[in-house]
Every structure is written in structure tokens, then in C-alpha cells.
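[1] Structure for the following, please:
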Amino acid sequence: MQKITRLAMAVATALATAAVGTPSVSAAARSGDGHDRGSHHAVFVQTDNPAGNQIVAYRRAENGRLTQARTYDTKGLGGVLAGSVADHLASQGSLTYDSHHALLYAVNAGSDTVSVFSVDGDRLALRQVIGSGGRFPVSVAVHGDDVYVLNALDGGSLQGYTLHRGRLHEQAGRHRDLGLDPNATPQFTNTPGQVGFTGDGSQLVVTTKANGSNLLVFNLDRSGTPAHSPVVTNLPGAVPFAFVPNGRRGLFLAEAGTNAVATFTIHRDGTASQEAYAATGQSATCWIVAARSLLYASNAGSSTLSGFRTSDQGRRLTLLGNTPTDPGTVDAATTPDGRFLYVQTGVNGIVDEFEVNHDGSLTPLGSRTVPGGVGGEGIVAP
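    Here you go, the predicted model:
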């Protein structure tokens, strides 16, 4: 418990210090455009504003630069976990793009709802607002016609839905309480961090962060219904936060307690075993994103991105170095071709733009201030 408390204090102190740091991208670069006006590629950013959650749509040019296009109300409220500085949801997957159905799912943590948008280029149309099945939704996972929402408060819970004609339908038999300690503090390190499917869609994985420091794996039956209780793999001191799939039954995990990235295999029985491990040497390593054979972990306390090259099906992780960002590095997204990376920096509500080079290094392109986006999380680049 003392170690977890020290971790929370270190994260909060590092983020508060970062708030007065020097941005990595100049104001001149931020104000430039250099955009191809004919591009229809997009990046969507969630503000998580408690006064009214919004999705800010950016048009992405062929050179990776962003131009703000439109802002869309989710018809819900953002939320703020106690103790958070730059990461008000303290989660990954709060804004999720469903490429199969061209839909965008956004959590409204302050309203206990999820908004569903249809996507057409950089344009959105709100189709539905539905209850999240719990308190304070923070993460959404989709595979085929199955969607799951992770709620963070009251001990955490999962709620499952099926998708039909662009609308979510709540399934009563797919609700699962996680049974975490609802009184553990501070909230931002003791709430669950992410829900996600394994690559083959047969299992759901939930990270508990400091509230147990566990990976919870729910095996799914043929209908997509989860087991009544998860298989628990304890990772003492790791504080598992966020992950991305690695093949059919693996994942790359960002560990906030050890400030590292680790490769895990999720076995058919739901147990998880570590295959590789590499430290970032940074502070508050929480979020992670993939670009081809490259990984980038966000270090909120250090205001950096750590790059890794993966090989041997993830059994080898090679640290490539660290790239500075604006203060409070949080959620990130890469384009489908892996050419560009966009990262939210929560202290000042800024999205930094990078080109991903073949050697894994990142070239800064500029940055964009997100209206109402201080502390916001949730970004996708379809």
C-alpha cells in the first residue's frame, strides 16, 4: 500500500511540474498550416469536458498536419477522477473507432452514457446516446458486432452490447461486476484502465491498475457472453494500465508501476505469461500505441514518448529512445498506415503531431490546441 501511495504522489508531482515545463514544439510550428485542403483523412479528439463533452474533428493532410474542421456535442458530460492532473479519465480506449461499421464510440463519464456517431470522412452524425450500465465509463472495446464498455467507479463493471443497424443494444446477460475496492484512493490510480479484446476476439482483458495490479481475462462463449468470473493474473507492483493486441492471443502492456512495456501471451485458459520486458527509464508510463512493428508508450510524468521496435513476434523489445512532447503526455493514436502519430498532452489540452520515420524516430510536425481539451483523453486516427 505504501508503494502504491508513493506511486500516486510521484505521478501527481511529476505532472504538476510538467505543467510549467517548456513545450517541445514551437508556437511558430503550431500556427502553420501546410495542409492539403482536398484530404478527407481525419483525426478525432475527445475533450472530456465536464461542462459538456465534445468530439473535435480534424482534417488530416497528406503531410500529416491537422486542420480543425468541426466540433460535435456528445450530448453528455465529461468526468474527472480525483487526483488526476493531465489524465482525467486515467484510461485508454475512451474514444474508439469501429472500422467495420464506420462508427465512433465516445464515453460520457460524467453522465454514465456512451455516444455513438457514424463517420463519413471528417464528418460525424450522432446516432445514439445509451446508458453505460454502470458509473463513470472510461473505455470501449469492439469486435465484430460485440461491444463492451468498462465502468470505473463502484468497484468497476463491464457492460456488453450487440450492434444492429448502427445502434447498440444492451445485453442483460453480459454485465459483470469487477469487485475492485471502491474506496481505494486516489481514484485515478485505483480505477480500472482499459477493456479490450484479444486479437482473435475470444477473450476480454481488463487492467486494474493499482487496485490489485492485475490482468483480468474473461473467456467468451460462442455468443460473445463472458464467463461469470475472470481468470486473474497478478503482477505485483506493475500497475498494468493500457495495452494493444499482439497477434491472436498476445498483448503489449504499459506498466505504470515499473515504467516499462511488457509482452504477454494470453493462454486459452485465461492465464497470462510474460514473454518480454523493457523499461522506458521515464515517469508514469501509462498509454501505448502501435505503428507496424513499432510501439510508442506515453510517459505522462516525463512528458515524453518512448519508442520500441518489436521482433520475434513480440518476444524482443528494443528501446529506441524518448521524444519530448508538450506537458502531460497521455492518449495517442497512429494512422492505419503507421506514417503518423498524434498524442494528447493533457496539461494544456494540446495534440502534438509527429511523422513516424522508418528507424522508429519521430519528427515533430506541429501541434494543435484542442478547445476545452485540458485533461481530455480519447483520440483516434481512422
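[2] what sits against the residue lying closest to residue 138 once chain neighbours are set aside?
    Leaving aside its chain neighbours, residue 138 sits nearest to residue 91 (3.7 Å; criterion: C-beta to C-beta, 6 or more residues apart in numbering). C-beta coordinates here come from the backbone N, C-alpha and C atoms, glycine included. Neighbour list for residue 91: 138-139, 150, 152, 191-194, 242, 377 [criterion: C-beta atoms under 8 Å, 6 or more residues apart in numbering].
[3] now swap in residue 161 and tell me
    By C-beta under 8 Å, 6+ apart, the contact list for residue 161 reads 130, 146-149, 168-171, 174.
[4] Output the lowest mean pLDDT helix or strand found in the chain.
    helix 27-31 (a mean of 33; mean pLDDT, DSSP states H and E).
[5] coming back round to it: from the contacts of residue 91, pick the one nearest residue 295.
    Using C-beta to C-beta, residue 242 is the member of those that sits closest to residue 295, with 11.3 Å.
[6] Just to check, that closest one is in contact with residue 206?
    No - here residue 242 lies out of contact with residue 206, judged by C-beta atoms under 8 Å, at a distance of 11.2 Å.
[7] okay, and the common contacts of the two?
    By C-beta under 8 Å, 6+ apart, the residues touching both residue 242 and residue 206 are residue 194.
[8] The two: who's more crowded?
    Just comparing residue 242 and residue 206: by other C-beta atoms under 10 Å the higher neighbour count belongs to residue 242, 29 against 25.
[9] got the buried residues for the longest strand seen in the chain?
    Looking across the chain with DSSP state E, the single longest strand is strand 167-177. Going by neighbour count (16 or more other C-beta atoms under 10 Å), the buried part of strand 167-177 is 168, 170-171, 174, 176.
[10] so what does it touch, helix or strand wise?
    Judged by 3 or more C-beta pairs under 8 Å, 6 or more residues apart in numbering; DSSP states H and E, strand 167-177 is in contact with strand 113-120, strand 123-131, strand 157-164.
[11] Tell me which of the ones you listed sits nearest to residue 276.
    Smallest distance to residue 276 across those (C-beta to C-beta): 28.2 Å, for strand 157-164.
[12] Relative to residue 213, how far out is the nearest residue in space to residue 137 that is not next to it in sequence?
    Distance criterion C-beta to C-beta, 6+ apart; nearest residue to residue 137, sequence neighbours excluded, is residue 107 at 4.1 Å. Relative to residue 213, residue 107 is positioned 24 Å away (C-beta to C-beta, to the nearest Å).
[13] Settle it for me: which of those two has more neighbours?
    residue 107 (35 against 21).
[14] quick one: average confidence on the host helix or strand of that one?
    Using DSSP states H and E, residue 107 sits within strand 103-108. Averaged across strand 103-108, the pLDDT comes to 98.
[15] same check, this time on stretch 334-342
    The model assigns stretch 334-342 a mean pLDDT of 97.
[16] CA atoms only for that stretch, dumped as PDB, please.
    Output of stretch 334-342 as PDB, limited to C-alpha atoms (Å, rounded to 0.1, in the frame of the first residue of the first chain):
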ATOM      1  CA  THR A 334      -1.400   6.300 -35.200                       C
ATOM      2  CA  THR A 335      -2.800   6.300 -38.700                       C
ATOM      3  CA  PRO A 336      -3.600   2.900 -40.300                       C
ATOM      4  CA  ASP A 337      -0.500   3.000 -42.500                       C
ATOM      5  CA  GLY A 338       1.700   3.800 -39.500                       C
ATOM      6  CA  ARG A 339       3.100   7.000 -41.000                       C
ATOM      7  CA  PHE A 340       1.800   9.500 -38.400                       C
ATOM      8  CA  LEU A 341       1.300   9.600 -34.700                       C
ATOM      9  CA  TYR A 342      -0.900  12.000 -32.700                       C
END
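[17] Please tell me how far that stretch is from the chain's geometric centre.
    With C-alpha atoms, centre = their mean, to the nearest Å as the basis, stretch 334-342 stands 15 Å off its chain's centre.
[18] can you list contacts of it?
    Against stretch 334-342 from outside (C-beta under 8 Å, 6+ apart): 41, 43, 60, 64, 66, 289-292, 294, 296, 305, 332-333, 351-356, 362, 365, 379, 381-382.
[19] still on that earlier bit, secondary structure element for the residue nearest to residue 138, which one?
    Under the criterion DSSP H and E, no helix or strand holds residue 91.
[20] so where's the protein uncertain?
    1-40 (pLDDT under 70).
[21] can we see that at 50?
    Applying pLDDT under 50 to the chain flags the ranges 1-6, 8-10, 12-39.
[22] Just want the most central residue of it.
    Per C-alpha atoms, centre = their mean, the C-alpha nearest to the average position across the chain is that of residue 92, at 2.2 Å.
[23] coming back round to it: cross the contacts of residue 91 against strands and list the overlap.
    Those of those lying in strands (DSSP E): 138-139, 150, 194, 242.
[24] so which of those residues comes closest to residue 51?
    Nearest to residue 51, judged by C-beta to C-beta, of the ones in strands among the contacts of residue 91 is residue 138 at 18.7 Å.
[25] re the thing from before, dump the residue contacts of the residue nearest to the centre of the chain.
    Counting by C-beta under 8 Å, 6+ apart, residue 92 touches 139, 193-194, 241-243, 286-288, 331, 377.
[26] switch the cut-off to 6 Å
    With contact taken as C-beta atoms under 6 Å, 6 or more residues apart in numbering, residue 92 is in contact with 194, 242, 287.
[27] For beta bridges, what are the partners of the last one?
    Beta-bridge partners of residue 287, counted by DSSP bridges, are residue 298.
[28] before we move on, what about the second one?
    Note on residue 242: beta-bridge partners by DSSP bridges are residue 254.
[29] For it, which residues are in contact?
    92, 193-194, 254, 287-288.
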